[in-house]
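1. I'll drop the sequence and a predicted model, then ask my questions.
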Amino acid sequence: MIRETYGKECTICNRPFTVFRWCPGAKMRYKKTEVCQTCAKTKNVCQTCLLDLEYGLPVQVRDAALKMQDNIPKSDVNREYYQQNNESALAKQGGSSGAGGKA
């Protein structure tokens, strides 16, 4: 497993996060994380394949079927504030931030 600290921007919140790459088996292609841990926990999706953890559906299909709306702020400052609040709420619920808190 290869760890690259702040290796990529999250596809959801555009914040840098620690990217992990690994080969799941012999003669298989490498997999890597696509979204940060905070967004994955907030939206309840897999960090690699972006499928919903409960239903196994792509996020767009799940959101359309359940009529969920994306409430992430658009401006940079508000987005940072929103993510900090989500991280602190997840920490209070007992969700670890892993990797030294630099997810």
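-> Sure thing, it's come through. Numbering: from 1, shown residues only.
2. What residues sit buried inside the longest helix anywhere in the chain?
-> Counting residues, the longest helix found in the chain (DSSP state H) is helix 76-93. Buried residues in helix 76-93, counted by 16 or more other Cβ atoms under 10 Å: Y82, Q83, N86, E87, L90. From N, CA and C alone the C-beta is placed, and that goes for glycine too.
3. So of those, which two are at opposite extremes in space?
-> Y82 and L90 (12.7 Å; Cβ to Cβ).
4. coming back round to it: what does the longest helix of the chain contact?
-> C13, N14, R15, T38, K41, T42, I72, P73, S97 (Cβ atoms under 8 Å, 6 or more residues apart in numbering).
5. Only the C-alpha atoms, please, for it, written as CSV.
-> C-alpha atoms of helix 76-93 as CSV (Å, rounded to 0.1, in the frame of the first residue of the first chain):
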residue,chain,number,x,y,z
ASP,A,76,-14.4,28.4,-0.3
VAL,A,77,-14.8,29.9,3.2
ASN,A,78,-18.2,28.5,3.9
ARG,A,79,-17.1,25.1,2.5
GLU,A,80,-14.1,25.0,5.0
TYR,A,81,-16.4,25.9,7.9
TYR,A,82,-18.9,23.2,6.8
GLN,A,83,-16.2,20.6,6.6
GLN,A,84,-14.7,21.6,10.0
ASN,A,85,-18.2,21.2,11.6
ASN,A,86,-18.7,17.8,9.9
GLU,A,87,-15.3,16.6,11.1
SER,A,88,-16.0,17.7,14.7
ALA,A,89,-19.4,16.0,14.6
LEU,A,90,-17.9,12.8,13.3
ALA,A,91,-15.3,12.9,16.1
LYS,A,92,-17.9,13.3,18.7
GLN,A,93,-19.8,10.3,17.3
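6. what's the pLDDT at N78?
-> pLDDT for N78: 77.
7. Let the chain start at 770 from now.
-> With the count now opening at 770, the last piece we talked about shows up as N847.
8. do you know how far it is from N854?
-> Using Cβ to Cβ, to the nearest Å, N847 is found at 11 Å from N854.
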